[in-house]
Each structure stands twice: as structure tokens, then as C-alpha cells.
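*Asks:* What would the 3D arrangement of this be:
(one chain, ligands or ions: 1)
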Amino acid sequence: MSGQINAFEMAQKQFDGVAKQLKLDPGVAEVLRWPMREFSFRIPVRLDDGSLRVFQGFRVQHNDARGPNKGGIRFAANETMDTVRALATWMTWKCAVADIPLGGGKGGIIVDPSTLTVNEKEEMCRGWVRAMWKNIGPRNDVPAPDIGTTPQMMGWMMDEYSRLVGQYTPGVFTGKPLGGGGSLGRTEATGYGVIYTVREAMKHLKIDGKNSVAAIQGFGNVSQYAAAGFVEMLGGQVACVSCWDRHDKKAYTYSKKGGIDPRFLLTIVDEYGTIDKAKAQDAGYIVEDGDAWITKEANVLIPAAMEGQVTSDTVGKMSKNIKIVAEGANGPCTPEADEFFKKNNIFNIPDFLCNAGGVTTSYFEQVQNDMNFYWSKEEVLERLDQKMTSAFNSVVDRSEKEKVYMRDAAYMVAIDRVVKAMDLRGWLTGNA
Ligand code: GLU
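*Replies:* Below you'll find the model as predicted:
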């Protein structure tokens, strides 16, 4: 997150604007503009060199009116309580817009995981669970992977929780590895989900996928499969991906004449999303500055790296032909960028709709864990497509009915559903 942008202030600003349009009762709005519960804790970890290092951990539970809190854990050097608050809040709206029976949560640790050994990472994961286990669980809060965390880490965390409660409890974490309680299709889910919404947006705007070009920021889990899906499902071209290089501590943009080959890049990227620069150059890729991605000639922009990337400073550098901005990341576009999109008639697929595929498949994973019966990959992806398509349609319908911007329409759909659940549970009558 860049210095001046506070993600939580941004989340509250977006919410306040829509609460006003919905004429939401000020008391109800006050409940929703802050998380219900917040945890901040210290995690001591014995490093391989024998020294003891203490890490700062977080978990925020925003709202569980519709079901257990749900959301990832980020391991990031620049993590803050406010970022976790914003991301937990967006999870509430994400689960509501996807119409899955879950609430909003998010967690984190201030750490760059690439600086730790495998053993140290396992210790840190188990330490996070030891601090939080009494306040998470399949019926109360279910964490998952996010930036800097992996299926293997979810496997360790699930194991630590199961040991502490004394029984195998796979449904306490999702995004687990295959064979260790994970679901087929979970790895591809967020990126493919982005593409299902782009496909629907293209239908809506009468744009031909085969003549389309995407410029993508990021090459982590979301962008890897969004890039593959853009080429393989829509028949389009991907002009570039940009990604952080953990060795050089800077970002690069990778492009190629005729479009990049996502499946090739998948063979030369490490678990932290760093592409092997030398191998890419050998294969004819052009390597430029990390900011170049936004300037590439394209009609679809997919910011799928992190929050606060498309701002008043960068939005003017976009190709004039951009028709769709599909937010693969959480909070990648600031309110100033929104104003630019509105003015220039650019169709926005807001983050908590666009990237809801991950949490939707997490929900499927939990359902399979509960049944102890696992589905085929085709079945998972088909159900995911149905959920994403119907979420997209409910937001477009609302946007057309109320003549509002897509982000506001997504908020309206989500807020209505959460307020209804709070009301049905009696939280708004004064007796709860
Ligand atoms: N971290 C992902 C997100 O932001 C997935 C959350 C989950 O699966 O619970 O949506």
C-alpha cells in the first residue's frame, strides 16, 4: 500500500457513500463501518540459528450475521491493522455478493515469508494458531490463504488447530493442499473467477473476447490463472504481466510480441510470484519497469497484485482503449480512480465481485470437508461459474435499475443482504 492511501479509510469512504444512497439507518451504518472484533498478538518463533524472534499477528472479524467469518491470512512486511480491517470488511461484502453463507474476516503477520526457512515458516504458522485457536473454528471463523501464504501453510495450521482441540477438523482452514483436505479447483478458482466475470462483462458490453487484449498487474496465484483463463477461455491475448522480483526488490513488467504465454511463465515463477528474469529474457520476453504494465495497449485492465495501485497518479497513463477494469486484487483502485472510470465510461468489475471465486471455492471446500465427500474438478468449476455468473448478473441488474456505478451496485446488493440477516436474527430490534 502506498504511503498516502489508507485502505480502511478507503473502505469506509466507499461504504459511507452507498449507505447514504441507501438511506441506511445511521445506527445500522455505524455497526457495519467498523469490525465487530479485532485481535492483535505477538508470536515468538525460535529461528534456525537458535535466536528467538517475535512477530506481530492480527485477526479481524468484521461481521458474521450471515455465517462464520471467512477470509485469508497475509504474510506481508507492510501489513498494518488498518489494512487487515479494510480487507476483513471487504470479505463481508464479498461473501454477501457471492451469496455464500459466510461473514468477513482477515488476518496477517508482519513478515516477508521469503526471508524464512521452511521450518521457521511452519513454526510461525503454528504460533499464529496457538494465539487464535479459541477464537476461530469451522462454525465461527475460517481463515484461508492470501498474499504470502500457501496451501502447505494452511495444512500446518489446520493440523495445529486439530491437535489443540483434540480432533481432526479440516473445515477450520480452507485452501489446504490436495490430499490434505483441500478441494480440486481451489488453486485456479480466484483467477478463473475473475475471467468468468470478464466474460459476462464482455457479453454485456458486446465485446469480442477473441479480439481482446489484457494488461495484467501481478503474477501471483490470482493473476497466474486470470492470465491463463484470458487466453484459454476467452481466446484473447495478454499483453503483459508485471511482478515483484524478490531478489532485486523491485517490480518488472514482462511482455512479448503477440502476447505472453501464461503457461510458460508458470514454469519459471517461484512460490513467491517472482519470475526467473534470465529465463524469460532467453525466451524473448521484454523486461521493463514495474509501472509499465498500466501503459500497455489493451482493452481490459486487470490489476491483480495488491491494494492502492490504480490511483489519481497512474490512472491517466492507461491506454485510451481500456473498456473494462477487472479488479483481481482487493482494493486496487482508489476512489479518485473510480471518478476517472465514471467520467470515461469505463466498466468496472469491483474487487469483491471480481475476485470472489477464491472464497466461493473455499466455501465448497468446507462443504466437502463437512460431508467428507469430494467433488471432481469439473464439478467444482461448474458450480463456481454458476455462482460467479449469478453474482455478476445481480450486480449489473441493480446497477441498471438504480442507474448507479458497478461498485455502488455491488455494495447495495451486499449491504441489503447483510442488513437483512442482522434484522432476521433480531440484532436490530434492541433485544439481541
Ligand atoms: N484471500 C482470499 C480473498 O481475499 C480468499 C479468502 C478465503 O478463501 O477465505 O478473497
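*Asks:* Run through the residues of the protein sitting next to the ligand.
*Replies:* By the rule Cβ under 6 Å from any ligand atom, the part of the chain lying against the ligand is 70-72, 94, 144, 146, 174-175, 330, 355, 358-359, 362. C-beta: built from backbone N, CA, C; applies to glycine.
*Asks:* Now go through the residues you listed and say which are in helices.
*Replies:* Among the residues of the chain next to the ligand, the members falling in helices (DSSP state H) are 94, 358, 359, 362.
*Asks:* so what's the second one scoring on pLDDT?
*Replies:* Translated: residue 358. Here the pLDDT value assigned to residue 358 is 97.
*Asks:* Quick check: closest non-adjacent residue to it.
*Replies:* Among residues not flanking residue 358 along the chain, residue 190 sits closest, at 3.6 Å (Cβ to Cβ, 6 or more residues apart in numbering).
*Asks:* Could you pull up the residues touching the one you found?
*Replies:* Neighbouring residues of residue 190 by Cβ atoms under 8 Å, 6 or more residues apart in numbering: 221, 222, 225, 226, 328, 355, 357, 358, 361.
*Asks:* Report the spatially nearest residue to the last one, omitting neighbours in sequence.
*Replies:* Among residues not flanking residue 361 along the chain, residue 189 sits closest, at 3.6 Å (Cβ to Cβ, 6+ apart).
*Asks:* What residues of the helix or strand hosting the one you found count as buried?
*Replies:* Element membership for residue 189 (DSSP states H and E) is helix 186-205. Using 16 or more other Cβ atoms under 10 Å as the test for burial, helix 186-205 gives 186-202.
*Asks:* I'd guess residue 74 is in a strand, am I close?
*Replies:* Yes - counting by DSSP: H, G, I helix; E, B strand; the rest coil, residue 74 is found in a strand.
*Asks:* That one against residue 112, yeah?
*Replies:* No - in this structure residue 74 lies outside contact range of residue 112 using Cβ atoms under 8 Å: 11.4 Å.
*Asks:* what touches both of those two?
*Replies:* With Cβ under 8 Å, 6+ apart as the test, residue 74 and residue 112 both reach residue 148.
*Asks:* Which one of those two is surrounded by more residues?
*Replies:* residue 74 (25 against 13; other Cβ atoms under 10 Å).
*Asks:* pLDDT at the more buried one, what is it?
*Replies:* 97.
*Asks:* got the contact list for it?
*Replies:* With Cβ under 8 Å, 6+ apart, residue 74 has these contacts: 84, 87, 106, 107, 108, 109, 146, 147, 148, 149.
*Asks:* and the last one, what element?
*Replies:* Put plainly, it is residue 149. Short version: residue 149 belongs to no helix or strand, going by DSSP H and E.
*Asks:* In contact with it: list those residues for me.
*Replies:* 72, 73, 74, 75, 113, 175.
*Asks:* My guess is residue 81 contacts residue 57. True?
*Replies:* No - judged on Cβ under 8 Å, residue 81 makes no contact with residue 57 at a distance of 10.8 Å.
*Asks:* what is in contact with these two at once?
*Replies:* residue 40.
*Asks:* Looking at these two, which one has more neighbours?
*Replies:* residue 57 (24 against 15).
*Asks:* Which residue ranges of the stretch 301-432 of the chain form strands?
*Replies:* 324-326, 347-349 (DSSP state E, counting those that start in this stretch).
*Asks:* can you give me the helices for this protein?
*Replies:* Under DSSP H, the chain gives helices at 7-21, 26-32, 81-97, 118-132, 151-165, 186-205, 221-232, 262-267, 277-282, 335-343, 351-354, 357-371, 377-402, 406-424.
*Asks:* Could you pull up the mean pLDDT of the third one?
*Replies:* Within the predicted structure, the mean pLDDT of helix 81-97 is 98.
*Asks:* Quick one: work out the angle between it and helix 7-21.
*Replies:* 40 degrees (axes from the mean of the first three to the mean of the last three Cα atoms, to 10 degrees).
*Asks:* so where's this protein uncertain?
*Replies:* 1-4, 431-432 (pLDDT under 70).
*Asks:* neighbours around the residue of it found nearest the ligand, how many?
*Replies:* Taking Cβ to the nearest ligand atom, the ligand has its nearest neighbour within the chain at residue 72, 2.8 Å off. For residue 72, the number of neighbouring residues by other Cβ under 10 Å comes to 25.
*Asks:* just to revisit the earlier point, closest to residue 6 among the contacts of residue 149?
*Replies:* Of all the contacts of residue 149, residue 6 sits closest to residue 74, with 16.3 Å by Cβ to Cβ.
*Asks:* Can you verify my assumption that residue 165 contacts residue 129?
*Replies:* No - contact criterion Cβ under 8 Å: residue 165 and residue 129 do not qualify, at 10.5 Å.
*Asks:* quick one, which of these two is more surrounded?
*Replies:* Using other Cβ under 10 Å, the more surrounded residue of residue 165 and residue 129 is residue 129, with 22 against 13.
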